[in-house]
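> Need coordinates for the following:
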Amino acid sequence: MGLRRIYLIAFCGLWLSTSEAQDKYTLSGVITDAQNKEALIGVNLVIKELKTGTTTNENGFYSLTVPEGKYKITVSYLGFSTQQFEIKLIRDVHKNIALFESSEQLNEIVLVNQVEQLNLRKPQMSINALTAKTIKQTPVLLGEADLIKTITLLPGVTTAGEGASGFNVRGGAADQNLILLDEATVFNSSHLFGLFSVFNPDAIKNLKLFKGGIPARYGGRASSVLDIYQKEGNKEGFHVNGGIGIVSSRLLAEGPLKKEHGSFLLSGRSTYAHHFLPLFDIDNIAYFYDLNTKLSYKLNRNNNITLSGYFGRDVISIANSFENTYGNTLVNIRWKHHFTNQLSSSLSTIYSDYYYGLYLNFVGFKWSSGIQNFNLKYDLKHYLNDKLTLQYGFNSIYYRFNPGKVTPISKTTGINKLKLIDKYALENAIYVDTDQRINERINVSYGVRFSLFTRLGQDQLNIYDNNQAVVFNPELHLYEKGIPIGSENYSRSKALSNFENIEPRISLAYQVNNTSSIKVSYIRMSQYLHLLSNTSAPTPLDVWTPSGPFIKPQLSDQIAGGYFKELHNGKYTVEVETFFKKVQNRIDYIDGADLIANEAIEQVILNGKARAYGLEVLAKKNEGRFKGWFAYTLSKSEQQTPGRTIDEPGINDGTWYNTPYNKTHDISVTTSYDLNSKWQLNANFLLQSGQPTTYPTSQYAYNNLTIPNYGPRNKYKMPSYHRIDISTTFRPNPMKKTGIKGYWVFGIYNVYNRKNAASVNFRTDAKTGSNEAVRLSIFGIVPSVSYNFKF
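Just a heads-up that it's a prediction; the model follows:
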C-alpha cells in the first residue's frame, strides 16, 4: 500500500469521524490496581453489542467514542478479576475503574472469548508482553529473577551463549535492539558481563518486546524494541518488599506522597559475595549495584508529573592492579496532560549516560569512555472514534561520544595523556501512527516516521585519498588501513554528514472467524548508531560510534506474516509467524581489525549487508493449575561484504557467511504448576543449535612457532546447547504479629550438569605433540535458594 493511499485512508477516517460526531459520545478514564492505584497498561475494555473495544495506554488511560445508547462494558486484565458494568451514554462520561487481583484468572469463559476476539482483531503482531510476575516465576541462574533471560525463552529471541550479555532478535545483532526504561535508552543491559540484567524485577511494572510490526513512534534501531516501564509507587499506603539470595539482595520501598495524588518508589539491589572472598585469601572483587526511583504526582485530573531514574554500576577488581567500572545513568522528567477526553499528550526530557572506566595500576594509567544523550520527546494520542485512533509526535536527541581517554596515574609512569577525538551528532524525527478498523473483519495499523541524522563537526577529521579509509593490497590480497593525507577541524555547528530516511510501517489483521485471524506487516527502520565489537556478544569495553562521512546508517526492511488461533475459549492459543529481513550497510571488519583505542576506526570498517529469515511457533496454555508455553524457531542469519570493485574480493571472498548469532533451531519449554495454595513448581527446557565459529583448517611453522590457518568465517558450529532448570516456590502463612508475607524459592540451574561450550580453543598436547580441541564451559549444575518478603 503506497503512502498516498495511507494518507487518503487517514483523511477519509478523519472526515467520517467529524461528520458523525454529533451522534457519538466518549467514555474515558484511567484503570488502576485497586490495592495501590498503580496505572495498568494494556487492559482490555470491550463493548459486546458493538463488537468493539480498546486497551489502556502506558498511563492506564482509555477512551472509546461510540454512538449514543445503553451498553454492557467488560473490563479484563490477566491476573485481575474481570468486571462488568452497564452504562447509558447520553453525554461524555469520565469513569475511572479499579481492578482487584484474582487468583483465578479470567474465570468466566464468555468474557475470555470476548477479550480473545479483541486481541485477534488487533493488527499488532510479533509482540510479546510479560509482567513482573511471569519474570519472577521463571527459573534462572542463582535464583535472581532476570528479565533478559526470560525473554530469551520466547520465539525469535536468543543470546550469544551462556554468560553472554545482550540478546539477539530474529537474526539481528545485539546493538540493533532499542532498549528503553521509562523511555530512556539503555546502552548496556547486563551486569557482570551478562550473568544478570540491569533490571530489578521488583521495580518493573511490565514490558513489551516488538520483534516486528513496530509502530512509527519507535526508531533508531534495526531489529527490535524492548519497552520497559517501572512501577509508579503505591498511592494508598507505605509498603516494603525485597529478597535475600545467595549472591545478591534487593529492597524496595513505596508509598504515597499525598494519598491518591502522589507516590514514590525507591529500590536498591546489590551483590555481596565479594565480602566473603578475603576469608579465602582471594584479593579479587566482582560486584554490582543499582538504584531505581520514581516520583509521581497528580496535579489535577488532567495533569500528572513523574520523575524516574536509574543508576547502576559494576566493579571488577583483580589483586588491586586492575579495576573495571561501568554502568548506566538514566533520568526522565515527564508531564502527562489531557486536553479532552479524546486527546492526551506526554512531554519528556530524558538524559541517558553509559560510562566505562579502567584503572590499570600495573601499567600506570586510567582509561574512560562512554556515550551521553539528551532527548526531548513530545507525543500526542487522539481517540477520534471507536474506529480510528491517531498517535503523533516528535523527538530530538543530542549525542556526545567519548571514544576514550587515557590519564596517567602519576607523573612517574612514563604514560602520556591521550584523548581520542569526541564525536557529536543530532537525531531528529517526526512520526504519525494510525489504528483503523475498516470493518468487522479487517483492522489496519499504519504510519510513517521521518528521521534526520546530522553528524556534527569535530576536531581532526581525517582526509583520505579517493575518500577511502580502507585500501586493498592486491599483492598481499589483504585489506589494509588507509593512510590519511591530512585532517581538518570543523566547528560544532558544521554538519559533516546528513542522512534523511522515510520509514513506512503497516500491519493488517483479517479475522477469519471468532477464533482465528491472519496478520501481515511491513516495517522499515533506520539505525544511525553502531556498536564496535568483533566478539560474538557485546562487552563493556565496546564503543558506540555514529554514522558519518565513512560509516553509513543501517537500513532494515522486514516483512512478516502469521496465523493466530485461540482454542477452548482462550484456554489455549497458537501463534505461527514467518519473517524475512534484510539490512543494508551492516558494518563489517577487515581481518585483524583493532577496535580498542582506535582513533581512526574508519580504517578497519567496511559496509556490507545482512539478511535473516525464519519461522516461529508459540503455543500457550493460559489457564488452570498448569500453565506455560512452547516456543520453536527455525531461522537463518547471514552477512555479506562484497568487494567495492571487481578487483576486490570483499570479506570472506565476498560470499554470504553465518553471523555469530545464527541459531538454526531454538526450542524452549516454560511450565508452571500450582500444586496447592502454598506450593508452585516451575521448569524450563532449552535446546539450541551450536553457535557459529571459525576453526583453523591447517598450520605451518615459522621461526619455531606454529601458525594456524583459519577457514571461512563462521563455517563451523560449536556443540548444541541444552539444559533444564527447575524451581519450587513455597508460600507459608503470613506472620500474625508482623503481617509479613514471605515466600521461599528453591532452584536448580542446569539440572543434569550439562557442560555447554562457551568457546572451543585449540592447543598442542605437551606429551603427544598432537593438536587438540578444548571446550570451555562456564556453568554446570548451580543450586540456589532465596527468601522474598513483603509488608
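
> Where does pLDDT dip in this protein?
Across the chain, the ranges flagged by pLDDT under 70 are 1-22, 103-119, 163, 276-281, 536-540.

> wait, residue 550 sits on residue 600?
No. Assessed by C-beta atoms under 8 Å, residue 550 is found out of contact with residue 600, at 9.3 Å. From N, CA and C alone the C-beta is placed, and that goes for glycine too.

> residues shared between the contacts of those two?
residue 469 (C-beta atoms under 8 Å, 6 or more residues apart in numbering).

> Ramachandran coordinates for the residue most central in space within the chain?
Nearest residue to the geometric centre of the chain (C-alpha atoms, centre = their mean): residue 226, 2.9 Å. As for residue 226, its main-chain torsions (degrees, to the nearest 10) stand at phi -110, psi 110.

> The closest residue to it other than its chain neighbours is in what secondary structure piece?
Using C-beta to C-beta, 6 or more residues apart in numbering and skipping residues adjacent in sequence, the residue nearest residue 226 is residue 179, 4.8 Å away. Using DSSP states H and E, residue 179 sits within strand 177-181.

> what lines up beside that strand in the sheet?
As defined by DSSP bridges, the strand partners of strand 177-181 come to strand 184-185 (antiparallel), strand 224-230 (parallel).

> ok, and for the helix or strand following the last one, which residues are buried?
To tie it back to what came earlier, the one meant is strand 224-230. Using DSSP H and E, the helix or strand that follows strand 224-230 in sequence is strand 239-244. Neighbour counts over strand 239-244 (16 or more other C-beta atoms under 10 Å) mark 241-243 as buried.

> which of these lies closest to residue 658?
Minimum distance to residue 658 across these is 40.2 Å, recorded for residue 243 (C-beta to C-beta).

> what number of residues lie near the residue nearest to residue 226?
Look at residue 179: counted by other C-beta atoms under 10 Å, it has 25 neighbours.

> Next up, the contacts around it.
Applying C-beta under 8 Å, 6+ apart, the residues near residue 179 are 185-186, 189, 226, 228.

> isn't residue 479 right up against residue 590?
Yes. The pair residue 479 / residue 590 is scored as a contact, 4.0 Å apart, by C-beta under 8 Å.

> returning to that earlier point: what's the distance between the residue nearest to residue 226 and residue 289?
Computed as C-beta to C-beta, to the nearest Å, the residue 179 to residue 289 distance reads 20 Å.

> Then residue 425?
31 Å.

> coming back round to it: Throw the strands paired with strand 177-181 into CSV and include distance to residue 23, thanks.
Listed next are the strands paired with strand 177-181 as CSV, based on distance: least, C-beta to C-beta, whole Å:
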stretch, distance to residue 23
strand 184-185, 43
strand 224-230, 36
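
> Tell me where the stretch 301-450 of the chain has strands.
Ranges of strands in the stretch 301-450 of the chain, per DSSP state E, counting those that start in this stretch, are 303-318, 322-338, 343-360, 365-385, 388-408, 418-419, 423-437, 442-456.

> partner strands of the one helix or strand residue 585 maps to, parallel or antiparallel?
Using DSSP H and E, residue 585 sits in strand 572-589. Strand pairing for strand 572-589, determined by DSSP bridges: strand 554-567 (antiparallel), strand 605-621 (antiparallel).

> quick one, the helix or strand containing residue 27 and strand 322-338 angle?
Assigned by DSSP H and E, residue 27 falls within strand 24-33. For strand 24-33 against strand 322-338, the angle by axes from the mean of the first three to the mean of the last three C-alpha atoms, to 10 degrees is 140 degrees.

> next structured bit after strand 24-33?
strand 44-47.

> can you give me how far that next one is from the chain middle?
Here the centre of strand 44-47 is set off from its chain's centre by 29 Å, with C-alpha atoms, centre = their mean, to the nearest Å.

> In the sheet, which strands lie alongside that strand, parallel or antiparallel?
strand 52-55 (antiparallel), strand 69-76 (antiparallel).

> winner for burial among those strands?
Greatest average neighbour count among the strands paired with strand 44-47 goes to strand 52-55 (a mean of 21), per mean count of other C-beta atoms under 10 Å.

> List the neighbours of that one that are in contact with it.
Contact with strand 52-55 is made by 42-47, 62-64, 66, 114, 118, 383, 386-387, 389, 437, as judged by C-beta under 8 Å, 6+ apart.

> Might you calculate how far it sits from the centre of the chain?
Here strand 52-55 is found 27 Å from its chain centre; the criterion is C-alpha atoms, centre = their mean.

> for stretch 193-210, same thing?
Using C-alpha atoms, centre = their mean, the offset of stretch 193-210 from its chain centre is 9 Å.

> what's the answer for stretch 701-711, then?
Relative to its chain's centre, stretch 701-711 lies at 42 Å (C-alpha atoms, centre = their mean).

> quick one, strands of the stretch 101-250 of the chain?
Assigned by DSSP E, counting those that start in this stretch, the strands in the stretch 101-250 of the chain fall at 127-131, 157-158, 168-169, 177-181, 184-185, 190-191, 196-197, 204-210, 224-230, 239-244, 248-258.

> re the thing from before, can you lay out the strands paired with strand 572-589 as JSON lines showing distance to residue 305?
Below are these laid out as JSON lines (distance: least, C-beta to C-beta, whole Å):
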{"stretch": "strand 554-567", "distance to residue 305": "36"}
{"stretch": "strand 605-621", "distance to residue 305": "38"}
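
> Export those to a markdown table and append columns for distance to residue 393 and mean neighbour count.
Shown next, in a markdown table, are the strands paired with strand 572-589 (distance: least, C-beta to C-beta, whole Å; neighbours: other C-beta atoms under 10 Å):
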| stretch | distance to residue 393 | mean neighbour count |
| --- | --- | --- |
| strand 554-567 | 22 | 20 |
| strand 605-621 | 30 | 20 |
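
> can I get the strands of the stretch 101-250 of the chain in JSON lines with distance to residue 57?
Formatted as JSON lines, these follow (distance: least, C-beta to C-beta, whole Å):
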{"stretch": "strand 127-131", "distance to residue 57": "14"}
{"stretch": "strand 157-158", "distance to residue 57": "25"}
{"stretch": "strand 168-169", "distance to residue 57": "24"}
{"stretch": "strand 177-181", "distance to residue 57": "15"}
{"stretch": "strand 184-185", "distance to residue 57": "18"}
{"stretch": "strand 190-191", "distance to residue 57": "30"}
{"stretch": "strand 196-197", "distance to residue 57": "25"}
{"stretch": "strand 204-210", "distance to residue 57": "12"}
{"stretch": "strand 224-230", "distance to residue 57": "11"}
{"stretch": "strand 239-244", "distance to residue 57": "26"}
{"stretch": "strand 248-258", "distance to residue 57": "22"}
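
> Out of those, flag the one nearest residue 491.
Short answer: strand 184-185, nearest of the strands of the stretch 101-250 of the chain by C-beta to C-beta, at 26.9 Å.

> what's next to that closest one, contact-wise?
178-179, 308, 310, 330-332, 350-352, 373, 375.

> quick one: residue 454 and residue 394, what's the gap?
Taking C-beta to C-beta, one finds residue 454 at 15 Å from residue 394.
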